[in-house]
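Student: Sequence first, predicted model second:
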Amino acid sequence: MNRHRPYYCCWSLMVVLIIMNMMISTGQCTGRSQHLLTSSPLSSATSPFIGVQRPFGANSGPISPIVFQKYSLTPASSIVGTNVAPTEQLYNYVPAPKPSHSMLDATSTAAASLTALPIMTAFKSLSQQAAPATLMAAALTANSNVADIPVTYKFDLPDSFSGALEPNNLLAGATRMFEGQIIGPTSLAIHKDFIYAGTAGGAVWRGNLRTGNATRIAKINNDMCEKKSWDSSLCGRPLGVRVDGNGVLYFVDAYLGLHSIHFDQDDRVQLTPLLSVEQVGGKYMGHLVLDEGAGTNGGHMVYITIASAKRDLTQWTAMVIEPDTTGFVVQYDTGNGQYSIIWDKLWYPTSIEITDDRTALLVAEFSSRKVLKYYIKGTKKGASEIWVENLPGESDHLIRSADKTKETYWMPIVNARNQSKPNLLDFMSDKPYLRKELLDIYAKMGSRIEQLGQEYQNEQLERLGFQMKTSLQFYQQNVGNNYGLILELDANGNILGSLHSVAGVNSFISEALEGESDSPNERVLYIGSFGYPYILKLVIRKPAIDVASRLAVAAAAQAQTIVSLNDPAALRMVQRSSGYSAISNDSSPMTNIGMISPLLLQSLNGTAAASAAAIQMPQWSSIRHRY
């Protein structure tokens, strides 16, 4: 019965849709005049923030000003809200003018003969016949059918959670910071005593790690955002945040593009738009990483993921249900404002990181559950390879750890699962037309319900319709789960260990950023989430694994015989005596985390039983950084 449930869902929705259409056609649903909220777009002359655009691939020549295609930014007349910094810059944006028919005609005409060409080839073909402003749009229009054709795919899951994925409850020991102040801290950055976060509502916040106070430092606002807060396209949504060695903050907004924030000596804020989403031909800007000093005249090279060339952030669930392969990576030089696309055809790239040797980028593909490695320097420049695949769920922000002795990375997993508990997404992976039909039904139903909400001025109906048409409701009810999981991986993509929240106390994690610890025996993680109204802080004690290993070797050398731990009671004692623990609210260590502690070895007094525990059970003792 359960395996037919998706089909019953489809037929039920279709019946409801037919009934509603019949009601409309018979006049039972009378359309009321809609209340349209519009704003007069600002001209480039009135906007103090004008983007710069070079022809695609150009290395020199004059820079021609171009108004941001999505929004024009203007200083707001006043600063409103609580916890607002006196030096904050608040900006109001309004929709920019839609492209003229002549521009659309030029784009369509230029793209008409390029439907079979890949994006990069389309750019080269268009460079001689179209104006710079139409290059990206035409090339992507030519490839617009990429995400419309249902595809069959299969990405394997781990057989079980074992070895480095052995379940524990460490993640449940995290404490909350800035609760009720910082809402939806998707991405984090730390500089000195401050932590920065891109949050819901289009704001960037700064939290003081010493005092626990948080202040909003910048906000891109829209009057309609307050009325329809569930629609991020009205509010803006900073998704990636980085800070350089000088304390300059860089962030990407899903809709408004790349910005920088400078602080002067009086801690006053200067917000500067650098690159819009439309300039590079995207719809959804996702994440960034800095290669400091690699740009022109000592500037930075910024690498940015464009999650999709077809869909924006409000459609992210549809991008997962029906994989969107139009993602790409943009290289932007802060020294001269030039940019170029260096890598395309990516499956919903949600994050980007750079390796320690600065020769390659690591890009996490959310939909394919893998991380790819792309070489930007050296003999392999331009080549790519799989860094890690078959992850136990969809991956979010991959971030370098703070470990100075070795290169490791933290990566949260969304909807953590294995082969024993696949979700509906896995079931539908080889059923492309079922996925397409579901998306179409939800889009039509949701659009009509949203329209009814607008006509009857009912916010709940309007919000329900929005969640349905964007497939968010379907995703939350049938795909998402609340299993919390963070992985640590080495420089080669091997999983070293994992942090779990089995009961879902802390889940839906988007980023884990490691900060400096006051103790050499502890590691501190600051954890962000797309929806939670706080930042999590997790303090974990470093395992004394090297000491344990040396003790085990010494014990084995001295032992006359090796005592087997076939005794279940002895086995349980080993499991209960794990030495890598989280510091929870009451400072009590959480056990059963899967590592032999020095305390256990001491309690066994260096006997053969200790060596047996260390030698015969490598899954607990020989894996470095096992949590």
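Tutor: Ah, there it is. What you see is a predicted model; the values in this text were computed from it and never measured. Numbers count the residues shown, from 1 in each chain.

Student: So which residues of the stretch 201-350 of the chain form strands?
Tutor: For the stretch 201-350 of the chain, the strands defined by DSSP state E, counting those that start in this stretch cover 203-208, 214-221, 238-243, 249-253, 257-263, 269-275, 284-291, 301-308, 327-333, 339-346, 349-354.

Student: can you put these in CSV and add distance to Phe427 and mean neighbour count?
Tutor: Bear in mind the C-beta positions are built from the backbone N, C-alpha and C, glycine included. Output for those, formatted as CSV (distance: least, Cβ to Cβ, whole Å; neighbours: other Cβ atoms under 10 Å):
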stretch, distance to Phe427, mean neighbour count
strand 203-208, 38, 23
strand 214-221, 39, 22
strand 238-243, 29, 26
strand 249-253, 34, 26
strand 257-263, 37, 21
strand 269-275, 40, 18
strand 284-291, 26, 24
strand 301-308, 24, 26
strand 327-333, 24, 23
strand 339-346, 24, 19
strand 349-354, 23, 24
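
Student: Helices along the stretch 301-450 of the chain, start to end?
Tutor: Using DSSP state H, counting those that start in this stretch, the helices of the stretch 301-450 of the chain run over 316-321, 424-427, 432-455.

Student: Using PDB, list the CA coordinates for the longest one.
Tutor: By that I understand helix 432-455. Output of helix 432-455 as PDB, limited to C-alpha atoms (Å, rounded to 0.1, in the frame of the first residue of the first chain):
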ATOM      1  CA  PRO A 432      11.400  11.400 -14.000                       C
ATOM      2  CA  TYR A 433       7.900  11.900 -15.300                       C
ATOM      3  CA  LEU A 434       6.400  11.200 -11.900                       C
ATOM      4  CA  ARG A 435       8.600  14.000 -10.400                       C
ATOM      5  CA  LYS A 436       7.600  16.300 -13.200                       C
ATOM      6  CA  GLU A 437       3.900  15.600 -12.800                       C
ATOM      7  CA  LEU A 438       4.100  16.200  -9.100                       C
ATOM      8  CA  LEU A 439       5.900  19.500  -9.600                       C
ATOM      9  CA  ASP A 440       3.400  20.600 -12.200                       C
ATOM     10  CA  ILE A 441       0.400  19.700 -10.000                       C
ATOM     11  CA  TYR A 442       1.800  21.500  -6.900                       C
ATOM     12  CA  ALA A 443       2.700  24.600  -9.000                       C
ATOM     13  CA  LYS A 444      -0.800  24.900 -10.500                       C
ATOM     14  CA  MET A 445      -2.600  24.200  -7.200                       C
ATOM     15  CA  GLY A 446      -0.300  26.500  -5.300                       C
ATOM     16  CA  SER A 447      -0.700  29.300  -7.800                       C
ATOM     17  CA  ARG A 448      -4.400  29.200  -7.600                       C
ATOM     18  CA  ILE A 449      -4.600  29.000  -3.800                       C
ATOM     19  CA  GLU A 450      -2.100  32.000  -3.600                       C
ATOM     20  CA  GLN A 451      -4.400  33.900  -6.000                       C
ATOM     21  CA  LEU A 452      -7.400  33.100  -3.900                       C
ATOM     22  CA  GLY A 453      -5.500  34.400  -0.800                       C
ATOM     23  CA  GLN A 454      -4.700  37.600  -2.600                       C
ATOM     24  CA  GLU A 455      -8.300  38.100  -3.800                       C
END
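
Student: Check which residues of it are buried.
Tutor: Going by neighbour count (16 or more other Cβ atoms under 10 Å), the buried part of helix 432-455 is 432, 435, 437-439, 441-446, 448-455.

Student: which element follows it toward the C-terminus?
Tutor: Per DSSP states H and E, the first helix or strand lying C-terminal to helix 432-455 is helix 459-469.

Student: wait, which of the helices of the stretch 301-450 of the chain is closest to Glu514?
Tutor: Glu514 lies closest to helix 316-321 among those, at 26.3 Å (Cβ to Cβ).

Student: ok so, going back, now the weakest link among the strands of the stretch 201-350 of the chain, please, by mean pLDDT.
Tutor: Mean pLDDT is lowest for strand 214-221 out of those, coming in at a mean of 86.

Student: Stretch 238-250: end-to-end distance?
Tutor: From its first residue to its last, stretch 238-250 covers 10 Å (Cα to Cα, to the nearest Å).

Student: Tell me which residues are up against that stretch.
Tutor: Residues from elsewhere that reach stretch 238-250 (Cβ atoms under 8 Å, 6 or more residues apart in numbering): 186-192, 196-199, 202-204, 251-254, 258-263, 285-290, 292, 300, 302, 304-305, 313, 351, 397.

Student: switch the cut-off to 7 Å
Tutor: Contacts with stretch 238-250, where a contact means Cβ atoms under 7 Å, 6 or more residues apart in numbering, come from 186-189, 191, 196-199, 202, 204, 251-254, 258, 260-263, 286-290, 292, 300, 302.

Student: what's the answer for stretch 510-529, then?
Tutor: 174, 184-188, 190, 195, 197, 396-397, 399, 401-402, 410, 412, 486, 508-509, 530, 535-542.

Student: Swap in 6 Å and give it another go.
Tutor: Around stretch 510-529, the neighbours that count as contacts under Cβ atoms under 6 Å, 6 or more residues apart in numbering are 185-188, 190, 396-397, 399, 401-402, 410, 412, 486, 508-509, 530, 535-542.

Student: try stretch 302-319
Tutor: By Cβ under 6 Å, 6+ apart, stretch 302-319 touches 140, 147, 232-233, 237, 252, 254, 282-290, 324, 326-332, 348-349, 352, 361, 439, 470-472, 475.

Student: Surely Arg369 is in contact with Leu391?
Tutor: Yes: in this structure Arg369 lies within contact range of Leu391 using Cβ atoms under 6 Å: 4.4 Å.

Student: Look at these two and report which has more neighbours.
Tutor: For Arg369 versus Leu391, neighbours defined as other Cβ atoms under 10 Å are more numerous around Leu391 (25 against 22).

Student: quick one, what contacts that one?
Tutor: Each residue near Leu391 by Cβ under 6 Å, 6+ apart is listed here: Arg369.

Student: can you rerun that using 7 Å?
Tutor: Arg369, Lys370, Ile413.

Student: Quickly note the distance from the first one to Met285.
Tutor: Distance of Arg369 to Met285, given as Cβ to Cβ, to the nearest Å: 22 Å.

Student: cool, and Gly245?
Tutor: Counting by Cβ to Cβ, the gap from Gly245 to Met285 is 24 Å.

Student: Repeat that for Phe251.
Tutor: 10 Å.

Student: go on, Met301?
Tutor: 17 Å.

Student: what number of residues lie near Asn478?
Tutor: Other residues close to Asn478 by other Cβ under 10 Å number 18.

Student: so Lys537 touches Met177, yeah?
Tutor: Yes: contact criterion Cβ atoms under 7 Å: Lys537 and Met177 qualify, at 5.3 Å.

Student: Spit out the residues that contact those two alike.
Tutor: Counting by Cβ under 7 Å, 6+ apart, Lys537 and Met177 have no common neighbour.

Student: Tell me where the chain is predicted with low confidence.
Tutor: In the prediction, the chain carries residues with pLDDT under 70 at positions 1-148, 221-223, 543-627.

Student: per-domain residue ranges of it.
Tutor: Using automatic domain parsing, the domain ranges for the chain come out as 51-142, 545-621.
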